[in-house]
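J.: A predicted structure for the sequence below; I have some questions about it.
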Amino acid sequence: MIDPLLLELLRCPRPHHAPLRVEGDELVCTECGAAFPVRDGLPVMLLDEARLP
């Protein structure tokens, strides 16, 4: 789904910039739990699109 090299580079756009992990069809912040959708194989890293815990 997400290229492992891309996943290593991506960080949560919130101030702490924590790494992300894949959970289903979302990327979830390892620190705050915000979940960002992946649409057509592309992560949508907009806070307005995130599902907050």
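T.: Here it is on my side, so go on.

J.: Which pLDDT value goes with the residue positioned nearest the centre of the chain?
T.: Compute the mean C-alpha point of the chain, and by CA atoms, centre = their mean the closest residue is residue 27, 3.3 Å away. We have a pLDDT of 97 for residue 27.

J.: Nearest residue to it in space, please, no chain neighbours.
T.: Leaving out its chain neighbours, the residue that sits closest to residue 27 by CB to CB, 6 or more residues apart in numbering is residue 20, at 4.2 Å. The way it works is simple: take the backbone N, C-alpha and C, and place the C-beta from them, glycine included.

J.: contacting residues for residue 15?
T.: Applying CB atoms under 8 Å, 6 or more residues apart in numbering, we find residue 15 in contact with no residue.

J.: what about the residue nearest to the centre of the chain, which SS state?
T.: strand (DSSP: H, G, I helix; E, B strand; the rest coil).
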